[in-house]
Each structure stands twice: as structure tokens, then as C-alpha cells.
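> Provided below for reference: sequence and predicted model.
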Amino acid sequence: MPELPEVEVTRRSFVSAIENATILDVYCGKPLRWPLGIASAELIGRRVRTVRRRGKYLLLDLDAGMLLLHLGMSGSLSFGGHLPARGAHDHFELRTSQGTLRLNDPRRFGAVVFAPHEDAPQARKLLGGLGMEPLSPDFDLERFHAGLKRRKAAVKQVLLAGDVVVGVGNIYASETLFMAGIRPTRSAAKLGLARVGRLRAAIREVLERAVNQGGSTLRNFSSANGEVGHFQLDAMVYGREGQACRLCTTPIRRVWQGQRATYFCPVCQKN
DNA sequence: AAAAGCCCCTGGATGC
DNA sequence: TGCATCCAGGGGCTTT
């Protein structure tokens, strides 16, 4: 579900529909990861300026303050004038003059947090440590290389940590390292410029393609306006333990790194 | 400062 | 069919 492409596709699917809408009512269901941080009544009457994205966070800019929204592992948004009746996992709703924004999140790892402004502690706590945006021009080779240089941990885990580059989730981490021919357990600091260059290209390519094709469909992703993503991630390694590598037929291996599965081809990803 | 573990929660798949 | 176990796409927090 929500890796960077899904979050971006979701944003695009409702940003123009919600811009300039006035908040009429707020619904909070079961608690999410953190409390909203403001009495919901205080949001009523404020207007939604626009919706931005930073990493996997959506930022709803209000005329006073902002809402930071995260989809966690199982969250999805819908926006519309006539949404179906609320279900058991619909835990947050913003009813506006232009439609209702609804968060469905079975596992409730997601969050909606109010911050008075982007430099306020509530926002800095969540956004402060984020790395470069992979699809923006500031994701250049030198800075990426420098960022990896000062991390001795395994490159897979550095990608996931998001403090060097954001938006590379567990699936894309395995996939992009395969594309770049890099062993996931390799120390990030030890990667040479050529490999870092291949990794950077792989990250850009995969994420960009997924965004352009409407979000990857790791299961059944659909954006806030109900459109279904068409990008079938044809995994080269992810989820393919024991199956033949699509390039060299060697069985794909699975290892655990920081309580998460990593997949790689021992031959195509020598080091 | 960085790295390693832990944990939040529900549901689907699998195995007995 | 029922029940237990394992696993899941994230990431902040606490402990080393």
C-alpha cells in the first residue's frame, strides 16, 4: 500500500478538489498512532489551502496551521461528496464544503496530527529528520554519496531509515538494490561512486514509473478518487524466496534485517 | 552520533 | 469448521 508513489498519487487525486474548501466538521474514530493535538472543534471554519507531500507524509496546509497525515502500513484516503456509510476502520474524517476526506486504516499505524506551522515542534518531530526527496533535483549523486558515506549500517537499512533519502519502502529497497547489483547487507559507507550512481538511478526510475502509472499495486491500491493503480510491480526479488532469479536463475534468498525481510540474488548482487 | 530492538494494531494466509 | 501461528508495505522511541 503506501510507499511514496501511492502517497503521491493519493495527493494528486484530491488536491484540486479540496483546495479552498472550508472545514465543516471533524470526525475522530478509534485512536490512531498519535492524538490529533487540537480540539476538533477548533478546526471548524478553517480553510484548506493546498496539499503537499514530504516523504510519506501528506501536509494539508490550512489558513491557520496544518495537518500532517500519514497512512502507516494499512491506511488509505478517499475524498468525495457522497462517500458510503462509515465502516469499522474509518477512523478520521474531515467534512468540508467541497467533500469529505476520509482515512481508512485497519491497523491504525497511521496518524493525523495538527501543527500550528511547519517549524512547530509537532511538525519538526515528524519531518525534521527526513532525507532528500528522491524525485526532486536535490537528490543528486554527490549528496547521496556523502549521505551514505557516513553510515556504516547495511545499505538496505539506511535506505529504509529515510534520513538520507525518503520514500524507499521495504519492497523498493530490495528491488532497487537488485537493479543496482548491490548486496543489501553491504555497509552503506563502503559503496563506491559507481554503485551509488546505479542505486540512485534505480530509485528514481522505479519511483517515477510507479507515480506515473498511478501508484504501484502492491495488492489493491486505489487513490482517493477511487481510481485503481495500474503499475504492477513485477518484482525481481521481493517475495520470491527460493524462486529462480529472473536474470540468472539462481534461487532468490531471504534474510532478516531489523525485523524485516530482505530479498536478493546472491549472484547478481555480489557485493 | 549511530545502530539495534521494540512496539503500536488488525487481518489474511497457512497449518494442524 | 475452528484455532493457533506467522507474517505484513512504517517509523518513532528507547536502549545499547
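Received the coordinates, thanks. Numbers count the residues shown, from 1 in each chain, chains lettered A, B, ... in the order given.

> could you use CA atoms for every contact and neighbour count after this?
Noted.

> could you check how far the closest residue in space to A:Val26 that isn't next to it in sequence is from DNA strand B?
Once flanking residues are discounted, A:Val26 sits nearest to A:Leu94: 4.8 Å by Cα to Cα, 6 or more residues apart in numbering. Noted for A:Leu94: a distance of 21 Å to DNA strand B, by Cα to the nearest atom of the strand, to the nearest Å.

> A:Ile182 now?
17 Å.

> that residue contacts A:Pro266, correct?
No: contact status for A:Ile182 versus A:Pro266: not in contact, 9.7 Å apart, counting by Cα atoms under 8 Å.

> neighbour count for those two, which is higher?
A:Ile182 (25 against 18; other Cα atoms under 10 Å).

> just to revisit the earlier point, so the residue nearest to A:Val26, which state does it fall into?
strand (DSSP: H, G, I helix; E, B strand; the rest coil).

> name whatever forms a beta bridge with it.
A:Leu94 has these beta-bridge partners by DSSP bridges: A:Val26, A:Leu101.

> ok, it - contacts?
By Cα atoms under 8 Å, 6 or more residues apart in numbering, the residues touching A:Leu94 are A:Ile23, A:Leu24, A:Asp25, A:Val26, A:Tyr27, A:Thr100, A:Leu101, A:Arg102.

> of all the residues you listed, which comes closest to DNA strand C?
DNA strand C lies nearest to A:Arg102 out of the contacts of A:Leu94, by Cα to the nearest atom of the strand, at 18.7 Å.

> residue contacts, the closest residue to the closest one other than its chain neighbours?
Distances taken as Cα to Cα, 6+ apart put A:Glu93 closest to A:Arg102, at 4.4 Å, once the chain neighbours are dropped. Neighbouring residues of A:Glu93 by Cα under 8 Å, 6+ apart: A:Val26, A:Tyr27, A:Cys28, A:Thr100, A:Leu101, A:Arg102, A:Leu103.

> quick one: which two of those residues are the most distant?
A:Cys28 and A:Thr100 (13.2 Å; Cα to Cα).

> okay, those two: which has more neighbours?
A:Thr100 (22 against 16).

> pLDDT score assigned to the more buried one?
For A:Thr100, the pLDDT comes out at 98.

> I'd like the domain boundaries of chain A, if you could list them.
Domain ranges of chain A: A:4-127, A:141-264, per automatic domain parsing.
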